[in-house]
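Enquirer: sequence and predicted model, in that order:
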Amino acid sequence: EAQVTQNPRYLITVTGKKLTVTCSQNMNHEYMSWYRQDPGLGLRQIYYSMNVEVTDKGDVPEGYKVSRKEKRNFPLILESPSPNQTSLYFCASSALGDYGYTFGSGTRLTVV
Amino acid sequence: DAKTTQPNSMESNEEEPVHLPCNHSTISGTDYIHWYRQLPSQGPEYVIHGLTSNVNNRMASLAIAEDRKSSTLILHRATLRDAAVYYCILRDFQGGGADGLTFGKGTHLIIQP
């Protein structure tokens, strides 16, 4: 089944403890993105990648890092999480060209 | 980025057609019109997209105005499972450049049984 898989689905962590949220897609898509969703602010793009080793900032990149060493994986790294990064995170991927994005099921992160 | 305008909410009855409008008066020639929906507690789901011509798929139809300044997502026979927030998004795809989706607040579709 074609899908975008995020792990974990739920995570509670403490301020300053580095964490990684993984994202993997099995559709050989070139484009991958990370979004966060917050009440009243909607979905906002954090980072995106156009292909292996090519990444760029979205609208709200502060406090986040990403890497794209393999085409299928696009992990989101929080080096020193803070409570304002408590949010619902979505990973998405799309083929190059005239296609839609496929989203993962989300990761609900709480930073205390 | 070119922006879209959608009603905050709409209500419809089950098994009736639903027409969800979207205005995008500043659309550029390379903007595709995308529609996504987000069901409660789920990630956004791709519905349909188009450039100039009307489009149909198993989920919905997309009617695009001749001047491309507006579009309408049509659910032909709404079910309770179609209750969701629907987002109309312009995706500027010129190949090789910045990409991503800029989400607005969308339309909250309520389906009455």
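Expert: Ah, there it is. No experiment lies behind these values; they were computed from the predicted model shown. Numbers count the residues shown, from 1 in each chain, chains lettered A, B, ... in the order given.

Enquirer: for the spatially most central residue of chain B, list the residues it contacts.
Expert: The centroid of chain B falls nearest to residue B:35 when counting by Cα atoms, centre = their mean (3.1 Å). Contacts for residue B:35 were tallied using Cβ atoms under 8 Å, 6 or more residues apart in numbering or on different chains; they are B:20, B:22, B:46-49, B:60, B:62, B:73, B:86-89. The way it works is simple: take the backbone N, C-alpha and C, and place the C-beta from them, glycine included.

Enquirer: residue A:77 and residue B:35: what is the separation?
Expert: Distance, residue A:77 to residue B:35, using Cβ to Cβ, to the nearest Å: 32 Å.

Enquirer: with residue B:3 instead?
Expert: From residue B:3 to residue B:35 the distance is 15 Å (Cβ to Cβ).

Enquirer: now stretch A:83-92: buried residues?
Expert: A:85, A:86, A:87, A:88, A:89, A:90, A:91, A:92 (16 or more other Cβ atoms under 10 Å in any protein chain shown).

Enquirer: mind picking the two most distant members of the residues you listed?
Expert: A:86 and A:92 (20.5 Å; Cβ to Cβ).

Enquirer: which one is the residue positioned nearest the centre of chain A nearest to, not counting chain neighbours?
Expert: With the centre of chain A defined as its mean C-alpha position, the nearest residue by Cα atoms, centre = their mean is residue A:34, 3.1 Å away. Counting by Cβ to Cβ, 6 or more residues apart in numbering or on different chains, the nearest residue to residue A:34 once its immediate chain neighbours are dropped is residue A:46, at 4.3 Å.

Enquirer: the helix or strand hosting that neighbour pairs with which strands?
Expert: Using DSSP states H and E, the element containing residue A:46 is strand A:42-51. According to DSSP bridges, strand A:42-51 forms sheet pairs with strand A:31-38 (antiparallel), strand A:54-57 (antiparallel).
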